[in-house]
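> coords please:
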Amino acid sequence: MERYVVNQLLNLISIPSVTGQEGKILFYIEEELASEDVPFERQRVEGGWYNLLVGAVESPRFVIAAHLDTVPPADGMPPKPVVEGDYVKGLGSADDKAGVAVMCGLAVEFGEELADKGVLLAFLVDEEKTGMGSWTLVQELKCEGAIVLEPTGLQICAFEAGSLELVVDVEGRAAHGSCVEEGENSIHKALKVIEGFNKLSFVGKEYPGIGKSTYSIMSINSGDFELRIPQKCSFMVDFRLNPDEDVDRAVHELTTYLKGCGAKYRFIDISPGFELPQDTQVLTLLKKAYETALAQSPLVGGMKSWTDAEHFVRKGIPAVVFGPGELWLCHTPEERVPVSQVLDCYKVLKKFVELC
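Sure, this is the predicted structure:
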């Protein structure tokens, strides 16, 4: 089965699956499941494709989920898997096709036994954009807990950071590029707005396992390379919030500040963080599976990014985040995943299913 999992990882990376274009990878997995006589169901997702569900579809005890989509490739991202020693490199290798490959292995390993054990495998679409795959899944789902597969370096993440993502528009006054006094440079104004973010009360707070709450400018657009002072500047910013941060209060403080600066804004995403109690059943069982499968104690940490786990938690389903690979490499041309971690992840989740 280990060879099967690795082969699936290589095959999955070879199939482009940018968000909204998951058709080929869905069809591939369906063919794989059918060839192994593993029953599955489709769950339609509004505005897109569908989730694939394997195992205890009707009344699961636990859900194991991974998403099929990737971000669009950046320059230099290899379109096919590249094997370098223990690593497999390529777009989506860690985020999230290593998790998908592990789930393919579990589907083939246990087959119809998954339903008997109360385990549902959910292959989800649209995680990288709106999260509609997981949101659709949890609407009528009742279960004891979920494991969301994402790159955590095999840490078991019992808490997750929140986020505020928005676009900010700053208005200046156009003028000839040499007439600095008559114009008002929108880029300069935007930089002052950004500098002011450091004074927000929720920025710079330390949280063990996450680091400092912070922000990052993801894109900025202004000017046209001509000798004229730019009238408009727009930028997208993502704030990482601590798991215990009051999101409504943070939104109020941020919007009050932006209004005071005369800036316009529109939110793309507002997501609270979460932290599970240490005695949560899914967390306890996953720790036991890790210790049994790998003969060592797991590291328990936090996830710095939004994941589908937030939708589970919002619906009252405890969810942990766990999987092979390092988050910081994802979405970059250097994205890669250690094969040894992929196989260890498989061993842990196989034991988890056996313990159910």
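
> hey, let's count contacts and neighbours off CA atoms from now on
Fine.

> For Ser271, name its beta-bridge partners.
Ser163 (DSSP bridges).

> distance of it from Arg249?
Using CA to CA, to the nearest Å, Ser271 is found at 13 Å from Arg249.

> Check Ile25 too.
Ile25 is 41 Å from Arg249, by CA to CA.

> Who has more neighbours out of those two?
Ile25 (19 against 10; other CA atoms under 10 Å).

> Helix or strand for the more buried one, just tell me which one.
Assigned by DSSP states H and E, Ile25 belongs to helix 23-35.

> Ok, Ala101 next?
Taking DSSP H and E as the definition, Ala101 sits inside helix 98-110.

> since we're on Asp169, how many residues are nearby?
Neighbours around Asp169, by other CA under 10 Å: 20.

> The residue lying closest to it once chain neighbours are set aside: what's it in contact with?
Distances taken as CA to CA, 6 or more residues apart in numbering put Ser234 closest to Asp169, at 4.4 Å, once the chain neighbours are dropped. By CA atoms under 8 Å, 6 or more residues apart in numbering, Ser234 lies in contact with 167-170, 190, 220-222.

> hmm, try it at 7 Å
Going by CA atoms under 7 Å, 6 or more residues apart in numbering, Ser234 touches 167-170, 220-222.

> Now do the lengthiest helix in the chain: distance to the chain's middle.
Identified as the longest helix of the chain according to DSSP state H is helix 339-355. Its chain's C-alpha centre and that of helix 339-355 lie 20 Å apart, by CA atoms, centre = their mean, to the nearest Å.

> again with stretch 22-39
The answer for stretch 22-39 is 23 Å, by CA atoms, centre = their mean.

> same question, stretch 180-191
Distance, stretch centre to chain centre, for stretch 180-191: 37 Å (CA atoms, centre = their mean).

> for that stretch, which positions count as buried?
183-187, 189-190 (16 or more other CA atoms under 10 Å).

> Name the strands paired with whichever strand or helix holds Ala146 and say parallel or antiparallel.
In the assignment (DSSP H and E), Ala146 maps to strand 145-149. In the sheet, strand 145-149 lines up against strand 62-67 (parallel), strand 319-322 (parallel) (DSSP bridges).

> Let me know which of those is tucked in deepest.
For the strands paired with strand 145-149, the largest average neighbour count (mean count of other CA atoms under 10 Å) is found in strand 319-322, namely a mean of 29.

> how about Lys192, phi and psi?
Reported as degrees, to the nearest 10, the phi and psi values for Lys192 are phi -70, psi -40.
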